[in-house]
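Asker: return atomic coordinates for the entry below.
(chains A and B)
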Number of protein chains: 2
Amino acid sequence: MTMDSRPLFGKVALVGVGLIGSSIAHAMRRGGLAAHIAGYTHRTATLEKARAAGFADTLHDSLAPAVRDADLVVLATPVGTFGPLAKEMSAFLKPGSILSDVGSVKTAVVRDVGPFVPDGVHLIPAHPVAGTEQSGPEAGFAELFDGRWCILTPPPGADIGAVDLLKTFWQRLGSQVEIMDPKHHDLVLAITSHVPHLIAYNIVGTAADLETVTESEVIKFSAGGFRDFTRIAASDPTMWRDVFLNNREAVLEMLGRFNEDLSLLQRAIRWGDGDALFNLFTRTRAIRRSIIDVGQDSPEPNFGRTQKKS
Amino acid sequence: MTMDSRPLFGKVALVGVGLIGSSIAHAMRRGGLAAHIAGYTHRTATLEKARAAGFADTLHDSLAPAVRDADLVVLATPVGTFGPLAKEMSAFLKPGSILSDVGSVKTAVVRDVGPFVPDGVHLIPAHPVAGTEQSGPEAGFAELFDGRWCILTPPPGADIGAVDLLKTFWQRLGSQVEIMDPKHHDLVLAITSHVPHLIAYNIVGTAADLETVTESEVIKFSAGGFRDFTRIAASDPTMWRDVFLNNREAVLEMLGRFNEDLSLLQRAIRWGDGDALFNLFTRTRAIRRSIIDVGQDSPEPNFGRTQKKS
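Answerer: So this is what the prediction gives:
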């Protein structure tokens, strides 16, 4: 991480102070990136939790005072809220400022937010590929983005200085930064994030609905593999609903391929084709190794989980 | 854990000294459960690794000396090898001894091993629901079974004393023990372990085959969820091939249900039915909570993974 610790921005407004918003605040504090951190949420309970966590200089339950005079505004709410929020804040955005976000889909951001960006304000969507299954202002921590990737998807003709500034911002939050076309982003994330979440949610639902196996059995014997899926399936429901509604095309495309491949495996099991199974199971080991080699996961067995003693 | 530390058995023979066999040896040493631990493997390289790890009193590359005089013989190789191994060791099994295993399927054990069990030897299949994605004699550790469940599936009319002894054995290895019908075991594990492994292997294969997203992108951005699946998809290929070939009926049944449910989700995404998505995503959170409450997973975010610093 760079040792540079001059503030990059005067005021930064976080519109949304859940897991990602609060983690940005903690990491900004750690790096001294902003002279003033403002947080916005319309929920009283969330506001109180954010106040208790103490990561913001000011907290607001209305948008205008939160975003006014901000040099950087970051949308950190579920993607489905971006359009209405952008419309409401539009009149208060400062000329020359950057409007960004942390949404898990990117073509929808330009579509929904783009129409409300005033002249002179730089819309530069961003997606930090980082998170946990927890949510809310108390779930954030400064290290969340360390070593993870943040993808920027600047629209054609975006101001180069603004893109560079946002890139530096994310690097000083601990991330590595990649620039990508929004459509390609949505395809990449469909396979690395969205479809994995969908099938995790799905199998946990399937297991809960069985009449031949009790829920208590599913829970007791979950260490056989199932428990890994329940972590992902514990992620924020509103956020994930909005992801699927706003990346329909890419998710359905990747899901189609997943289903085709699963049908082949199903057939291999039905007909006892052990070689087909063995060949796939051997190939997939190499991918795990690469992910560990580039530092995107822990090399420890079982993710280094703390083993519960009896 | 009980403080009792008298040896339960004179000689215990581990037929197979991979992750599970070596972990049993380490846990037996920890608990002082056997006067003599014998290990068998037909592979020279594995034998050398086991020797270096030092968890066995004697190591053998032929079955007869390994199992001769053993009070407990544990099959800890891939399930597909059980039949031939049982046939080969049959003449050397000691009257009054217990023949058990650690296979992830249970009806197949009675089918394949049953015919070769001599009179006076007690066949009591067992399945410790524990493991990691690693394999081999150097992957084992004494704590693997602590707090996990071990399922015994004694055939009708099994000797009660022998069942009780094996139950005590697994408890002193750190496990909780459940007695179950083998057919029901295979159904429970199909949903809690086998189908989760299958869909993890499958999505990692799907991702590797894409022509629109590079493997390097899949690896870089795997922290969005995909990396969790790659851990499971790094599990031992031979072991898992044999699981699917030997639990065909239950796996296909559970896979059918998984597919039906996934089709509904697919349709909800296509038609923009946010409520259907939100309702499922909310329901699945509760299951995660229960798994943590009963101590079958870590409550820490991201399984408590060590976060790589940049």
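
Asker: CA atoms for contacts and neighbours, from now on please.
Answerer: Fine.

Asker: what residues sit buried inside the helix or strand containing A:D275?
Answerer: For A:D275, the host element (DSSP states H and E) is helix A:274-293. By 16 or more other C-alpha atoms under 10 Å in any protein chain shown, the buried positions in helix A:274-293 come out as A:274, A:277-278, A:280-285, A:287-292.

Asker: repeat that for stretch A:202-216.
Answerer: Buried, per 16+ other C-alpha under 10 Å, within stretch A:202-216: A:202-208, A:213.

Asker: turn those into CSV, including distance to chain B and pLDDT.
Answerer: As requested, the buried residues of stretch A:202-216 are exported to CSV (distance: C-alpha to the nearest C-alpha, whole Å; pLDDT from 0 to 100):
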residue, distance to chain B, pLDDT
A:N202, 6, 97
A:I203, 6, 97
A:V204, 6, 96
A:G205, 6, 96
A:T206, 6, 97
A:A207, 6, 96
A:A208, 8, 94
A:V213, 6, 94
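
Asker: which ones among those residues lie within strands?
Answerer: The strands in this structure, assigned by DSSP state E, contain none of these.

Asker: rewinding a little: list the contacts of the helix holding A:D275.
Answerer: Under the contact criterion C-alpha atoms under 8 Å, 6 or more residues apart in numbering or on different chains, helix A:274-293 has outside partners A:265, A:268-269, A:297-299, B:201, B:204-205, B:219-220, B:222, B:227, B:230-231, B:233-238, B:240-242, B:245.

Asker: average pLDDT for that helix?
Answerer: Helix A:274-293 shows a mean pLDDT of 95.

Asker: check stretch A:59-79 too.
Answerer: On average, stretch A:59-79 scores 98.

Asker: okay, and for chain A, where does confidence drop off?
Answerer: For chain A, applying pLDDT under 70 flags the ranges A:1-5, A:306-310.

Asker: which helices and strands sit right next to the longest helix along it?
Answerer: Ranked by residue count under DSSP state H, the longest helix found in chain A is helix A:248-270. Judged by 3 or more C-alpha pairs under 8 Å, 6 or more residues apart in numbering or on different chains; DSSP states H and E, helix A:248-270 is in contact with helix A:182-189, helix A:195-208, helix A:274-293, helix B:195-208, helix B:248-270.

Asker: contacts for that helix, please.
Answerer: If you take C-alpha under 8 Å, 6+ apart as the criterion, helix A:248-270 is touched by A:186-187, A:190-191, A:194-195, A:244, A:274, A:276-277, B:199, B:202-203, B:205-206, B:244-245, B:248, B:252, B:255, B:266, B:269-270.

Asker: may I see the buried residues of it?
Answerer: Using 16+ other C-alpha under 10 Å as the test for burial, helix A:248-270 gives A:248-252, A:254-255, A:257-259, A:261-262, A:265-266, A:268-269.

Asker: ok now stretch A:69-76, how far from the chain's centre?
Answerer: 18 Å (C-alpha atoms, centre = their mean, to the nearest Å).

Asker: distance between the ends of it?
Answerer: Criterion C-alpha to C-alpha, to the nearest Å; first-to-last residue distance in stretch A:69-76 is 18 Å.

Asker: may I have stretch A:137-153 as PDB, with CA atoms only?
Answerer: Output in PDB follows, covering the C-alpha atoms of stretch A:137-153 (Å, rounded to 0.1, in the frame of the first residue of the first chain):
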ATOM      1  CA  PRO A 137     -23.200  -0.400   9.600                       C
ATOM      2  CA  GLU A 138     -21.700  -2.600  12.300                       C
ATOM      3  CA  ALA A 139     -20.400  -5.200   9.800                       C
ATOM      4  CA  GLY A 140     -17.800  -2.900   8.100                       C
ATOM      5  CA  PHE A 141     -14.100  -3.000   8.700                       C
ATOM      6  CA  ALA A 142     -11.100  -1.200   7.200                       C
ATOM      7  CA  GLU A 143      -9.400  -4.300   5.700                       C
ATOM      8  CA  LEU A 144     -12.300  -5.500   3.500                       C
ATOM      9  CA  PHE A 145     -10.800  -4.200   0.300                       C
ATOM     10  CA  ASP A 146      -7.100  -5.100   1.000                       C
ATOM     11  CA  GLY A 147      -5.800  -7.200  -1.900                       C
ATOM     12  CA  ARG A 148      -9.200  -7.500  -3.600                       C
ATOM     13  CA  TRP A 149     -10.000  -6.000  -7.000                       C
ATOM     14  CA  CYS A 150     -12.100  -2.900  -7.700                       C
ATOM     15  CA  ILE A 151     -13.400  -2.700 -11.300                       C
ATOM     16  CA  LEU A 152     -14.100   0.800 -12.700                       C
ATOM     17  CA  THR A 153     -16.400   1.100 -15.800                       C
END
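
Asker: fine by me, we can end here.
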